[in-house]
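Student: heads up, no residue letters with this:
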């Protein structure tokens, strides 16, 4: 009769002294299984008697896929449901062999199921990691690296489909990585048309994996070329290869995953035919199965990355369009938002390099830097809701205000000349006209946004008391009460109500940005952008935040905004402040509790302000 081990699907282990009549070769020692971990890598059957039952029933002593067979009634009772089979009381040799055959087949089935479960779990874990990766370059690198790892490959590659002007599909190499070829690279010559003329193209045509056991010994029915010129160019030796297409949700070929040289030793390098003979083995159904699963997940991840990139491009386009709208709305400050964003980015980079101080541990991720930049670009978007007359107001009087006063003074001049002619008082006329022109110049001086001097304020009040007779006989003042209030503004060009309207741009910024469905990594743009006029001591606006209530990103934008406003040479209502003077003013604001002193220090010590300032040097 044929011995049981001639057809048993897996090895059988037993303790010394256990009756093991399965034939030749005999049962293996149980210690080999229990101490060396052999069962972890293959299916196995263990015959259990009273001598080893305690060791077997200890927690984690034997993997779940090992089939336990009780050899006597005591072991059967101790093992309970853990024993899949029992030889207790079975004396017929044929029956014992049949039972062991069943145990071996059960062990193989269990091990295969467990292996498949482990593979699925591993591919799922890798797939989840892929889904979290939105950076395209990093994603492609991860795909190639993980594909190599899952298949024990020396090399891997990723090729994506592209269409030429004639509508033909090509596979373009986007990344290759080989353990035996230093560094990741793209081979510009490696472009394959999607047809049967190449190993990779064939996989894309049939939308199925293609396995090659030896690139230098292709089957006779293989109509494709394995492209051995690659080996000559890179001093390499290919042997086993696997190409698996990546399909999108509509079944279209997105690209091809390539695995090269499955190795028995992960540390060796393959350069010669001898290396390949010694260390390279063919790809099995396991690797094909794994890569097919992985290719499906990689395709979804690439599609997601493309969609994410499109969303990023859409946000980028929106932000740039918004900045353009701000510049068109307020040409006098065109470029301000871009300069602030550049300065903020530079400040954040300098902050990351600090080795001392309260911000020495600060680091920004690429996503956080992008969010900060967007917030800086959009910090003034609310100005689109501010009346244009206020945005462009360069003088204290409203638009055309000085022209109306000039026209009135011209009328007053003619009135004075007419009165002098009627009264035949021409001798006093030159002095009266000279005084009128001096008053006109006082008004012109007061209309500038500079600080109002006390003497000018007194003269304005005197001028406002003067009256003249209109052509209709009514009496009117040289300056109306409203004009006098504008002209007597201590500094700047805005009165209290106008300033409130201009300051409302931060509320408009919050309202406008809050209506946008930002992605999770851009969720704080609204706060960073709309709170840039908050001050550390709580005297800012609109929410009067203070201290730690103001995020670091907002503090950076605030300092960059103030610095650019001071040094900008394009403001019609004030001259540019030299850089050193602007830094002195920022330091004073920091001492007063308005700005973060450490961030002001970072600005002063870095060269960021030199690149960002538009004012002439001091």
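Tutor: Cool, got the structure. Because the structure is predicted, anything quoted here is derived from the model rather than measured. Residues are numbered from 1 along each chain as shown.
Student: ok, and the closest non-adjacent residue to the most centrally placed residue in the chain?
Tutor: Closest residue to the average C-alpha location of the chain: residue 367 at 3.7 Å, with CA atoms, centre = their mean. The shortest distance from residue 367 to any non-neighbouring residue, by CB to CB, 6 or more residues apart in numbering, is to residue 521 (4.3 Å). Every C-beta, even on glycine, is put in place using the N, C-alpha and C of the backbone.
Student: Ok, residue 187 next?
Tutor: Nearest non-adjacent residue to residue 187 (CB to CB, 6+ apart): residue 173, at 5.6 Å.
Student: quick one: secondary structure of the one you found?
Tutor: strand (DSSP: H, G, I helix; E, B strand; the rest coil).
Student: how far away is it from residue 208?
Tutor: For residue 173, the distance to residue 208 equals 21 Å [CB to CB, to the nearest Å].
Student: Contact partners for the residue nearest to residue 367?
Tutor: 367-368, 370-371 (CB atoms under 8 Å, 6 or more residues apart in numbering).
Student: re earlier: so residue 173 and residue 208 - more neighbours on which side?
Tutor: Neighbour comparison, residue 173 and residue 208: the larger count goes to residue 173, with 21 against 13 (by other CB atoms under 10 Å).
Student: What's opposite that one in the beta bridge?
Tutor: Counting by DSSP bridges, residue 173 is bridged to residue 159.
Student: Might one say that it is in contact with residue 184?
Tutor: No: if you go by CB atoms under 8 Å, residue 173 and residue 184 don't touch, sitting 11.3 Å apart.
Student: related to what we said a few turns ago, now the residue nearest to residue 367: how far from residue 413?
Tutor: Counting by CB to CB - residue 521 and residue 413 are separated by 66 Å.
Student: try residue 275
Tutor: 103 Å.
Student: Also residue 183?
Tutor: 84 Å.
Student: between residue 275 and residue 413, which one's more packed in?
Tutor: residue 275 (19 against 16).
Student: Quick check: what element follows the helix or strand harbouring the more buried one along the chain?
Tutor: Assigned by DSSP states H and E, residue 275 falls within helix 273-279. Per DSSP H and E, helix 273-279 leads on to strand 280-281 as the next helix or strand towards the C-terminus.
Student: what is the mean pLDDT for that next one?
Tutor: Throughout strand 280-281, pLDDT has a mean value of 92.
Student: starting at the chain centroid, how far to that strand?
Tutor: Averaging C-alpha positions (CA atoms, centre = their mean, to the nearest Å) puts strand 280-281 40 Å from its chain's average.
Student: which secondary structure elements does it contact?
Tutor: In this structure, strand 280-281 packs against strand 253-263, with contacts taken as 3 or more CB pairs under 8 Å, 6 or more residues apart in numbering; DSSP states H and E.
Student: quick one: the strand it packs on to chain centroid distance?
Tutor: The answer for strand 253-263 is 28 Å, by CA atoms, centre = their mean.
Student: Quickly list the domain ranges of this structure.
Tutor: Following automatic domain parsing, one gets these domains for the chain: 4-117, 133-306, 330-383+503-612, 401-492.
Student: And the ones you listed: which comes nearest residue 317?
Tutor: Using CB to CB as the measure, domain 330-383+503-612 is the one of the domains of the chain that comes nearest residue 317, at 11.9 Å.
Student: returning to what we had before: closest one of the contacts of residue 521 to residue 347?
Tutor: residue 368 (13.6 Å).
Student: Helices along the stretch 201-350 of the chain, start to end?
Tutor: All helices of the stretch 201-350 of the chain, identified by DSSP state H, counting those that start in this stretch, fall at 229-234, 273-279, 285-329, 336-352.
Student: show me the contacts for the residue of the chain positioned farthest from its centre.
Tutor: Taking CA atoms, centre = their mean, the residue of the chain most remote from its mean C-alpha position is residue 424, at 84.3 Å. Counting by CB under 8 Å, 6+ apart, residue 424 touches no other residue.
Student: Which residues does residue 260 form beta bridges with?
Tutor: Going by DSSP bridges, residue 260 forms beta bridges with residue 155, residue 241.
Student: That one: neighbour count?
Tutor: 27.
Student: One more: residue 250?
Tutor: With other CB under 10 Å as criterion, residue 250 counts 6.
Student: From residue 64, how far out is it?
Tutor: 40 Å.
Student: what's the answer for residue 125, then?
Tutor: Residue 125 is 20 Å from residue 64, by CB to CB.
Student: cool, residue 539 as well?
Tutor: Taken as CB to CB, the span from residue 539 to residue 64 is 68 Å.
Student: same deal with residue 107?
Tutor: Using CB to CB, we find residue 107 at a distance of 11 Å from residue 64.
Student: So these two - more neighbours on which side?
Tutor: residue 107 (27 against 11).
Student: Enumerate every residue touching the more buried one.
Tutor: 9-10, 43-45, 65-67.
Student: what do you get if the cut-off is 10 Å, keeping everything else the same?
Tutor: For residue 107, the contacting residues are 8-12, 39, 42-46, 65-69, 84, by CB atoms under 10 Å, 6 or more residues apart in numbering.
Student: which ones among these are found in strands?
Tutor: Under the assignment DSSP state E, the contacts of residue 107 contribute 12, 45-46, 67-69, 84 to strands.
Student: Redo these as JSON lines? Include distance to residue 243.
Tutor: Formatted as JSON lines, the ones in strands among the contacts of residue 107 follow (distance: CB to CB, whole Å):
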{"residue": "12", "distance to residue 243": "40"}
{"residue": "45", "distance to residue 243": "39"}
{"residue": "46", "distance to residue 243": "41"}
{"residue": "67", "distance to residue 243": "38"}
{"residue": "68", "distance to residue 243": "43"}
{"residue": "69", "distance to residue 243": "44"}
{"residue": "84", "distance to residue 243": "41"}
